[in-house]
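Visitor: Give the three-dimensional model of this entry:
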Amino acid sequence: MPGNVSEACRRRVISRTQFYEYKRRFQTHGIEGLKDLPPVHKSHPMTTPREVQEKIVTLSLSRPGWGCNRVSDQLKKLEGISVSAPTVQNILNKEGLGTRYERWLKLEEKTAQKEIELSAEQVAFIEKQNPCFRERHVESSRPGQLLNQDIFFVGHLKGVGKVYLHAVVDTYSSYSFGFLHVSKQPEAAVAVLHNEALPFYTERGLEVESVLTDNGREFCGNEGHPYKIYLTLNEIGHRITKVRREQTRCGFVERLNRTALDEFFREAFRK
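Guide: Residues are numbered from 1 along each chain as shown. Predicted structure coming up:
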């Protein structure tokens, strides 16, 4: 039926949209316009070049803690390459590196068989994920060779005042000693060694070689400091951590303090 578009579409089993597309192509290019068009090329002209993608992956693995915005900024600053943050994120997602955790795992996989020097950022991340890594500088080959001591504020008891836990942990076996006191003075720090720790090792014929502490006033001072005098009289060495005060607790004491707080003190205080 001449002029009946619906009937023509029905007979040729095409949609009206296709019909008008064919009509437009015929009117514009004639019979040649109705020939099959070549296939669309697989690569889009706006696709990020492969070498740029490799630079994004390399930079992200060298700085796993950086987000896509920072990677984008650094590429533009260092390489003169302009790639948007969403594009960076999309490329990392395709490479299985979309999250910081995935990038750290990939970095660990690539360097598993190599000895590498960790950056401060990498050390901080690993310590956060694995508290035991903080103890990498603490080595002992027998019980009593190195004790780790610290003072932990437990809380405030009505009628008593502030209460502190004086803790000592053997870095070889993680065997622990605790002493509750209302003071954090050097004399209280000495008491847990004198009354609890040293008698334990003496009874078993073990020598306490040295004690690791932070640089707090309860442990460090002049030649007349009670804690230093006690260690000297008992021929015990004194090792002091070399970092800022808030980072000085060794992982051994940290775990003891956290366990004691969660499993005992908080419940006891509620009662």
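Visitor: Which residues are in contact with residue 64?
Guide: For residue 64, the contact set (C-beta atoms under 8 Å, 6 or more residues apart in numbering) comprises 100, 103-104, 107, 122, 125. C-beta here means a position set from N, CA and C on the backbone, and glycine is covered the same way.
Visitor: cool, and residue 181?
Guide: Residue 181 touches 163-164, 166, 188, 191, counting by C-beta under 8 Å, 6+ apart.
Visitor: now with 7 Å?
Guide: Residues in contact with residue 181 (C-beta atoms under 7 Å, 6 or more residues apart in numbering) are 164, 166, 188.
Visitor: got it, and residue 67?
Guide: Contact partners of residue 67, counting by C-beta under 7 Å, 6+ apart, are absent.
Visitor: so where does residue 47 fall, helix or strand?
Guide: Of the helices and strands defined by DSSP states H and E, none includes residue 47.
Visitor: Out of the contacts of residue 181, list just those in strands.
Guide: If you go by DSSP state E, those have 164, 166 in strands.
Visitor: Can you add pLDDT and give the contacts of residue 181 back as a markdown table?
Guide: Below are the contacts of residue 181 laid out as a markdown table (pLDDT from 0 to 100):
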| residue | pLDDT |
| --- | --- |
| 164 | 89 |
| 166 | 89 |
| 188 | 89 |
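Visitor: what's around residue 252, how many residues?
Guide: Per other C-beta atoms under 10 Å, the neighbour tally for residue 252 reads 27.
Visitor: cool, the one 3 residues further on as well?
Guide: A total of 17 residues lie near residue 255 under the criterion other C-beta under 10 Å.
Visitor: hang on, it is in a helix, isn't it?
Guide: Yes - with the criterion set as DSSP: H, G, I helix; E, B strand; the rest coil, the secondary structure at residue 255 is a helix.
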